[in-house]
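> next one to model:
(2 chains)
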There are 2 protein chains.
Amino acid sequence: MQWYLVGVAAALLTTFGFVPQIVKMVQTRTVKDISLLTLVQFSVGVTLWAAYGLHRADMVIVGANVVSLVIFIVAIVVYSWLKRRPKSDESSISRP
Amino acid sequence: MQWYLVGVAAALLTTFGFVPQIVKMVQTRTVKDISLLTLVQFSVGVTLWAAYGLHRADMVIVGANVVSLVIFIVAIVVYSWLKRRPKSDESSISRP
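Modelled structure (predicted):
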């Protein structure tokens, strides 16, 4: 039971590992230092994990990685939105 | 065999998922937008995964997560180093 809880804690921490980064992106509204490649690489990785889990009929692997995928898709959407934002701000500043 | 390769690709992509972010940190030398909490949360998560893998005597889980842990420790070291750097640069600028 104790080790089961260690596994659950491990899964929760890594599955939701990118949530603080999304919160920080939304708070600071800048993504200049964020690597899009890391976001895409993780997204492809967890998609393959979910497919592998389906093949193994292991719903724990499928579930954890589908949740991760949703979080990474949210991160990429937020990243893309904020990446475009500053340019429109700059252009609005340049116009009197 | 095909599915084994899907599993291997999934493991490689997620285990080394943070490498492009480390490369970007080193290249841009700024970490303003990076969430330290995400780095720490992943580090604790993969440590618990490695412990869980040891308990289950599953050396694939242990190996992948120990490699991940090393990558996250490198990321935290690079983050801390770059977080401190700009201040010393500013102080050197303020002194003639």
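> residue ranges with poor pLDDT in chain A?
Within chain A, the stretches with pLDDT under 70 are A:86-96.
> which neighbouring elements make contact with the longest helix seen in it?
Counting residues, the longest helix found in chain A (DSSP state H) is helix A:59-94. Secondary-structure packing of helix A:59-94 (3 or more CB pairs under 8 Å, 6 or more residues apart in numbering or on different chains; DSSP states H and E): helix A:2-15, helix A:19-28, helix A:36-55. The C-beta positions use only the backbone N, C-alpha and C, and glycine is treated the same way.
> list the residues that contact the residue nearest the centre of chain A.
Among the residues of chain A, the one closest to the centroid is residue A:72, at 2.4 Å (CA atoms, centre = their mean). Under the criterion of CB atoms under 8 Å, 6 or more residues apart in numbering or on different chains, the neighbours of residue A:72 are A:18, A:39, A:42, A:43, A:46.
> give me the spatial nearest neighbour of it, chain neighbours excluded.
Sequence neighbours aside, residue A:43 is the residue nearest to residue A:72 in space, at 4.3 Å (criterion: CB to CB, 6 or more residues apart in numbering or on different chains).
> hang on, that neighbour packs against residue A:74?
No. The pair residue A:43 / residue A:74 is not scored as a contact, 10.6 Å apart, by CB atoms under 8 Å.
> please say which of these two ends up with more neighbours.
residue A:43 (20 against 14; other CB atoms under 10 Å in any protein chain shown).
> list the contacts of that one.
So residue A:43 contacts A:69, A:72, A:73, A:76 (CB under 8 Å, 6+ apart).
> out of these, which is nearest to chain B?
residue A:72 (9.5 Å; CB to the nearest CB).
> state the distance from the closest one to residue B:6.
In this view, residue A:72 and residue B:6 are 18 Å apart by CB to CB, to the nearest Å.
> equivalent analysis for residue A:48, please.
Counting by CB to CB - residue A:48 and residue B:6 are separated by 5 Å.
> more neighbours: which of these two?
residue A:48 (21 against 14).
> wait, the more buried one sits on residue B:5?
No. With contact defined as CB under 8 Å, residue A:48 does not reach residue B:5; the gap is 9.7 Å.
> farthest pair in the contacts of residue A:43?
A:69 and A:76 (10.5 Å; CB to CB).
> what about those two, which has more around it?
Taking other CB under 10 Å, residue A:69 and residue A:76 do not tie; residue A:69 has more neighbours (18 against 15).
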